[in-house]
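A.B. asks: I would like to see how this sequence folds:
(2 chains, ligands or ions: 1)
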Amino acid sequence: MSIKINIPLKLKIVSLLSTLLLGVVGFYLYYALNIFKEDKAADIYALTLSHSQSLQEQLENIIQTQTSLIDSLNRLSEAGTNLETVISNIVEENPTYLHLACLGPGDSLVESSKKDFEQFQLKENEITYLQNISSDFSSVERKNSSSPYLIFIKKINSLSCKVVSSLDILNSIVSTNEQLESYFINKQGNLFYNVSKKDMKQISHLSKSTLDKFSKRTGVTKLKIDAIETIIAYAPLKNSTIIAITEVAESNAFSAARLLIKKSLYYGIAILSFSIIIGILFAQKITQSLQNLTTSAEIIASGNFYQETAIVSNDEVGTLAKTFENMRLKIIQFMEEMKEKARLENEVKVAQLVQSSFFPEKLISQKNLSIFGAYEPASECGGDWWGYFEQKNKTTVIICDATGHGVPAALMTAAAHSTLNNIILDSKDKYISPSQVLSRLNKVVTMMQTTVQLTALVIEIDHETGELKYSNASHQPAYILRKDQTDTYSKENVIPLLGENYSRIGEKPNSEYADQTFQLLKSDIIVLYTDGILEFTNGEKSYNQRNFIKSLINSSQFKDVSEFTNGVIADFNQFRQKHPLQDDITFIGIYYSHNSENHTNSFLPGDISIIQNLQDVNNLSPNEDIIVSHLNNKQNIEHIILNKKTNHLIGANSLKLELELNLIDLYKEDPFAPTAVIFYQKEIVTNLEIPTITNEVIERIKKSDSSGINLPHVHLIIEELLSNAFYHLPSNLNHLRGVEIQSPDPIIITLEITQDYLNILIDSPSKESVKEQIVKSIFRGQSEKSPLQQNGGAGLGLYLIYEKAHQMWIIETNDRLGIRIVLERFSRNLHSEERITSFHYIKGNHNV
Amino acid sequence: MSNQLSIQINIQNDTASITLAGVINEDSNFDKIKNLNLKKYIFDFDKINIINSCGIRDWIKYISELNNAEIIYENCPQIIIEQINMVHGFITSKTEITSFYAPYFCDSCDKETKILLKKAEITNNKAPEKKCPTCSDILEFDALEKQYFHFLGQK
Ligand SMILES: [Zn+2]
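C.D. replies: Take a look at the predicted model:
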């Protein structure tokens, strides 16, 4: 057996590990980098700020140097020194000074230029400018020409000086960070000096208001410049409009952070891959142990229990393997036990086989007697037993039931069996009666001194005379199923053999038993059984006496006793379903004098023909006056139409066939004479009285005993019969219904009621012979099942009556017509429906 | 027991609910429920005691005059069912018996009971299983099933 693995354990472990690691590393990276980024941002701000401050200081230092030079020139001039030589020396010695001019008191101008820079010699307007500046004035200015230069003007006390220097003077200013863009700009937005790149075209990105703000104090800010987030630090120079600026694109500033993220990611992936590999190896180790276990299980499943399970790990899987190994050992142990049990069961089977030899063959056939027994033990060895023996023309059957079952009960059956063997030997010399069988059995069992007791029933049947002798030691009574006059078995005709009941076998040594007798009739069925069948419960209900007797009646239809017994057992098994037996079951059916070829009802005189089927009708002699029919009502009416000689057709399932035959004799003698006490009689002269009379009759029947009589049918029959009688009066010329019809001679209704039937007679004046007319009317109704479409009667009345009646008698004399309807009492509507209606025709003289 | 047919009628929209009681015979007068020109007629037979042969003929004539109306019979007593089974024409393509009584027998109580069945409860002429109202045992159907349920196949 191989089961497909959808998601391997390996995959589960690896995905668990990866998810876990991915989560942890991811979270770490996110968290750490965020902190790093924040930290770095603070750094960048501080860095750019200090950088711009450094630039500011550097430029201020240069300006301070110039101021110091002019201060020393002023002091020399105040001391009366001629500045001419000093200035020319300064210009000559300092390579960056291109021109130096000083205007002293009394407008004495001293100036000196480097060679080729004579164009800087002061013009008239420049002299005037220097004359007019106030003391302590200073200015730094950059001039852009083909070669740019700086102009520094300063007045100390009465000395005003102008220094023109090349941009090289600013060379000492250095940026300490290459990544930062550094430059000086004035408040007007003109570039003063770009420290980072010598040429810098687009400085104008800073707006006027921004520069205004920058010129006021030192600071750092973030601005969007050409769609790039840029960090800008600014530091204005003192006493000047120049601002030192350091800027860096934010993205550049964080390039280091990005690098770190990238590197972390690579490390993360590396760690993850490493973990997955470790995971796979680890999972492999676990699944390997499980795989081993699976292999072991498969080996066991294939039937090899002797392969040891390898236990490799100390973890849960190892424990599982150990448990598995224990289970394997338990199975081996259990198998050994099973073998032993099977051996014991085999022995019990042998015992069962031995016990089964105590039973007779199932079917025993003798002249006039056939016996068929069924037996099923509740456990392997049962406590039920039955047997039989023969003496001349007598057969004796013994059935017994030991208390309990299993081995002690089985031993008891062995005792009963050997007792029977002894009896068979002894019976060759002398007759042994049922009670003697019980006495001998009692002696044997009491001698055995056991607590087990037996109930037993012994019956003896004389094949010739049908005399049944029986003796009962507290056993279930035998049942006799007897046919009634209609040749059928019914539950009303089940006779239990309830004679004296004697003590159980084994109860006391000196128990006395006696015989009782019962006369069997032809076709009787004798039933012997043990209580296991009656007391069986299928969890809900017990298979009680009612079910049992119903089953007996059901199975009594079978011709052979074997079918009968098997039928009863089949019914029982249907009730039992799959439930185990609680007690042994023994059932014995005995058919007495069943002659399968002859279905003749034992109560019928020999000269009456019986129609079983339509075939029989053809073989019937045409002169039959009385026949008994199994055909249906319609077939019977057809038969009566065709065979005019048939005056009496009796439904084969007539409840009281004898009585019906008796009525034929009585009515032949006097057709209108009552055969029982008259219950109701009335003369009617007009059809308007019909409803009143009908209701009166119904009420009267209700008040007496209406059991088994269908009152709506009585109502219908009387109403239809009376209407018909008035309608068909010889004096009636009116063929309309719903009109009053009067009868000159009264129509008489007479009811007789007995415990067997209700007999209704409508006696009316008549002139013609109406037998054929009536039969044909019934036939028409049966065939067409529809009313006549003319005025007058519906033409259905007689048909409806015939179908509901159990016997219909048509009685004719020269001037009267009598219709008698007999309704037999049926406790069940079904049986009433099934009753084949008898038809009788009597032609006689009215003896009044 | 009444000898007359009594008819109670209740009309709502196109439907007449008609309760019949007593006896349907040659004296029964259906004038009260004739020429109504409705789409649907529901007849309750619960209180009908007997329908005799002339009653059957008149009834068949009466319902044939209802033309194409839908006809429903309710609570038909056993005697009506028996008559319907014996005479054709009671049931047409436009009629339907929706509920009716049927005889059942309790073996334990040894008593007959009439049980009201719905048409839908019967398939293949098999009587539905019913329990005794007194002792709750399973009842036996107390008629020939094929014969009793014959009308369900008629049209
Ligand atoms: Zn009951």
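A.B. asks: What strands line up against the lengthiest strand in chain B, and which way round?
C.D. replies: Counting by DSSP state E, the longest strand found in chain B is strand B:40-51. Paired strands of strand B:40-51, with direction, are strand B:15-24 (parallel), strand B:70-74 (parallel) (DSSP bridges).
A.B. asks: Where do the strands of chain B begin and end?
C.D. replies: Using DSSP E, strands in chain B cover B:5-12, B:15-24, B:40-51, B:70-74, B:95-97, B:99-106, B:111-118, B:140-141.
A.B. asks: Of the ones you listed, flag the one that's most buried.
C.D. replies: strand B:99-106 (a mean of 22; mean count of other Cβ atoms under 10 Å in any protein chain shown). Placement of C-beta: from N, CA and C, glycine included.
A.B. asks: elements contacting that one?
C.D. replies: Counting contacts by 3 or more Cβ pairs under 8 Å, 6 or more residues apart in numbering or on different chains; DSSP states H and E, strand B:99-106 packs against helix A:829-834, helix B:78-86, strand B:111-118, strand B:140-141.
A.B. asks: Any idea which of those gets closest to residue B:5?
C.D. replies: Distance to residue B:5, taken as Cβ to Cβ, is lowest for helix B:78-86 among the helices and strands packed on strand B:99-106, at 13.2 Å.
A.B. asks: who does the closest one touch, helix- and strand-wise?
C.D. replies: Counting contacts by 3+ Cβ pairs under 8 Å, 6+ apart, helix B:78-86 is packed against helix A:711-727, helix A:797-804, strand B:40-51, strand B:99-106, helix B:145-148.
A.B. asks: Can I get the last one as PDB, trimmed to CA atoms?
C.D. replies: So the one you mean is helix B:145-148. Output of helix B:145-148 as PDB, limited to C-alpha atoms (Å, rounded to 0.1, in the frame of the first residue of the first chain):
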ATOM      1  CA  GLU B 145     -54.300  -2.500  -2.300                       C
ATOM      2  CA  LYS B 146     -54.400  -2.900  -6.000                       C
ATOM      3  CA  GLN B 147     -58.200  -2.700  -6.000                       C
ATOM      4  CA  TYR B 148     -58.500   0.100  -3.400                       C
END
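A.B. asks: Residue B:59 and residue B:48, how far apart?
C.D. replies: Remark: distance between residue B:59 and residue B:48 (Cβ to Cβ, to the nearest Å) = 10 Å.
A.B. asks: Check the gap between residue A:695 and chain B for me.
C.D. replies: 5 Å (Cβ to the nearest Cβ, to the nearest Å).
A.B. asks: just checking, residue A:508 touches residue A:453?
C.D. replies: No - counting by Cβ atoms under 8 Å, residue A:453 is not a contact partner of residue A:508; they are 10.1 Å apart.
A.B. asks: neighbour count winner among these two?
C.D. replies: residue A:453 (21 against 10; other Cβ atoms under 10 Å in any protein chain shown).
A.B. asks: Who are the contact partners of that one?
C.D. replies: By Cβ atoms under 8 Å, 6 or more residues apart in numbering or on different chains, residue A:453 lies in contact with A:402-403, A:445, A:504-507.
A.B. asks: List only buried entries from the residues you listed.
C.D. replies: Among these, those classed as buried by neighbour count (16 or more other Cβ atoms under 10 Å in any protein chain shown) are A:402, A:445, A:504-507.
A.B. asks: Out of those, which comes closest to chain B?
C.D. replies: Nearest to chain B among these: residue A:504, at 32.0 Å, using Cβ to the nearest Cβ.
A.B. asks: List the residues that contact the closest one.
C.D. replies: With contacts defined as Cβ under 8 Å, 6+ apart, the neighbours of residue A:504 are A:453-455, A:473-474.
A.B. asks: Residue A:630 reaches residue A:834, doesn't it?
C.D. replies: No - when contacts are counted by Cβ under 8 Å, residue A:630 is not listed as touching residue A:834 (11.5 Å).
A.B. asks: Those two: which is more packed in?
C.D. replies: Neighbours were counted for residue A:630 and for residue A:834 using other Cβ under 10 Å; residue A:630 has more, 17 against 14.
A.B. asks: For residue A:365, give its distance to residue A:86.
C.D. replies: 171 Å.
A.B. asks: Closest to the centroid, which residue in chain A?
C.D. replies: With distances taken as Cα atoms, centre = their mean, residue A:578 lies nearest the centre of chain A, 23.3 Å away.
A.B. asks: again but with chain B, I slipped
C.D. replies: Centroid-nearest residue in chain B, with Cα atoms, centre = their mean: residue B:76, separated by 2.5 Å.
A.B. asks: which residues touch that residue?
C.D. replies: The contact partners of residue B:76, taken as Cβ under 8 Å, 6+ apart, are B:45, B:84, B:97, B:99-101.
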